[in-house]
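how would this look folded up:
(one chain, ligands or ions: 1)
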Amino acid sequence: MKVYIQTDIEGVAGNVFFESRKEVSYENYEHRRRMYKLLTGEVNAAVKAAFDSGASEVVINDNHGSGYNIIFEELDPRCEIIHGKNASGPHWLPELDKSFDAMVLVGMHPMAGTPKGLLQHSKWDVNDGKIFLSEASMAAAIAGDHGVPTVFISGDDMVTDEVKAKIPSIKAAAVKKSLSPYMGRCVMPERSREMIYDGVKKGLKARRSIKPYKIKGPVKLQLLESNKGNHDQSRGFYSVIPEGIVRKTIDEAISDFLKKMTWCSIDTLHPDGFEYP
Ligand SMILES: [Zn+2]
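Predicted coordinates:
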């Protein structure tokens, strides 16, 4: 059994502030180190659950920000990790293909515009508002195009509810409750790891009865971003490519969408993310 673990940091228990890769202060340095440790603990719980469920291969995608967040020297030595960046924008699920048996999502956050959603950002519009996708459900939809079911999600209660509505049989661990964009009620790290371990085991056990999340094509894809920038939702959104991109599948649409974004060059020659403060 091959398992792909997609990760982000905003949905990790204990995290209620966006990361600043620019601010040079001891407080920021300390905060980032702590968040990386919390992320690593949750990811490692998912890795252990996968191997304890009989996985032969576990691949992690270190997806947040710089693509270099997880303290990999603390991970279970049996897994492998994809880190760094191939683009000056987001990179999506490298190395994922139909040979994988399941995808697991750890540390997910609500889509932009979710009232009170903790650390919300990004909102994909499919077919002119017929479906909205968070980064979590976008990952599930890409995996769905490869025939890979998404069997588990952890994050706050709002993103887990959104994804449960789309994939009713998915197993979920809401490790925090969103109270406002920058306030949440969180379980302690030890507990979040237990919840993730148990949920991943249950999800992998049920993987044959969890259908891949497939959005029927053709699809028109648009990305809504904050007018004010820097994740600030207070002045609403704009569509990054107003005419959108129409393709047969979500997987094709997103890869062409990223190529069309002015600030997103793939395979980048610019060392974005490695310019530490
Ligand atoms: Zn992130």
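
give me every residue that touches residue 106.
By CB atoms under 8 Å, 6 or more residues apart in numbering, the residues touching residue 106 are 5-8, 11-12, 39, 42-43, 46, 154-155, 196. For glycine as for every other residue, the C-beta is placed from the backbone atoms N, C-alpha and C.

could you measure it against residue 96, distance?
The gap separating residue 106 from residue 96 is 15 Å, by CB to CB, to the nearest Å.

quick one, phi/psi of the spatially closest residue to residue 214 that is not a sequence neighbour?
Closest residue in space to residue 214, ignoring its immediate chain neighbours: residue 144 at 4.1 Å, by CB to CB, 6 or more residues apart in numbering. The phi/psi pair for residue 144 (degrees, to the nearest 10) reads phi -60, psi -40.

follow-up on the earlier one: so which of the contacts of residue 106 belong to strands?
Members of the contacts of residue 106 lying in strands (criterion: DSSP state E): 5-7, 154-155.

hey, where'd the helices end up in the stretch 1-150 of the chain?
26-52, 135-145 (DSSP state H, counting those that start in this stretch).

Which of the helices or strands spans residue 222?
Element membership for residue 222, per DSSP states H and E: strand 219-226.

export the helices of the stretch 1-150 of the chain to JSON lines and tack on mean neighbour count and mean pLDDT?
Formatted as JSON lines, the helices of the stretch 1-150 of the chain follow (neighbours: other CB atoms under 10 Å; pLDDT from 0 to 100):
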{"stretch": "helix 26-52", "mean neighbour count": "19", "mean pLDDT": "97"}
{"stretch": "helix 135-145", "mean neighbour count": "26", "mean pLDDT": "97"}
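
what does the stretch 1-150 of the chain put close to the ion?
8, 10, 64 (CB under 5 Å from the ion).

By pLDDT, give me the weakest of those.
By pLDDT, residue 64 ranks lowest within these, coming in at 92.

mean confidence for stretch 65-77?
For stretch 65-77, the mean confidence score works out to 94.

can you list the residues that contact it?
With contact meaning CB under 8 Å, 6+ apart, stretch 65-77 is reached by 7, 9, 19, 21, 35-37, 39-40, 43-44, 47-48, 51, 58, 60, 62, 81, 83-85, 91, 272-274.

try stretch 243-255
With CB under 8 Å, 6+ apart as the test, stretch 243-255 has contacts from 92, 125-126, 128, 138, 141-142, 144-146, 215, 217-222, 256-257, 260.

And it, what's buried?
Neighbour-count burial for stretch 243-255 flags 244-245, 247, 249-254 (criterion: 16 or more other CB atoms under 10 Å).

same thing with stretch 79-86?
Across stretch 79-86, burial judged by 16+ other CB under 10 Å covers 79, 81-82, 85.

Chain neighbours aside, what residue packs nearest to the residue of the stretch 51-200 of the chain found nearest the ion?
At 3.6 Å from the ion, residue 64 is the closest residue in the stretch 51-200 of the chain, using CB to the ion. Of all residues not flanking residue 64 in the chain, residue 9 sits nearest, at 4.2 Å (CB to CB, 6+ apart).

thought the one you found was touching residue 39?
Yes: here residue 9 reaches residue 39: they are 5.0 Å apart, a contact under CB atoms under 8 Å.

Now the common contact residues for the two.
Contacts common to residue 9 and residue 39, judged by CB under 8 Å, 6+ apart, are 15, 64, 69, 107.
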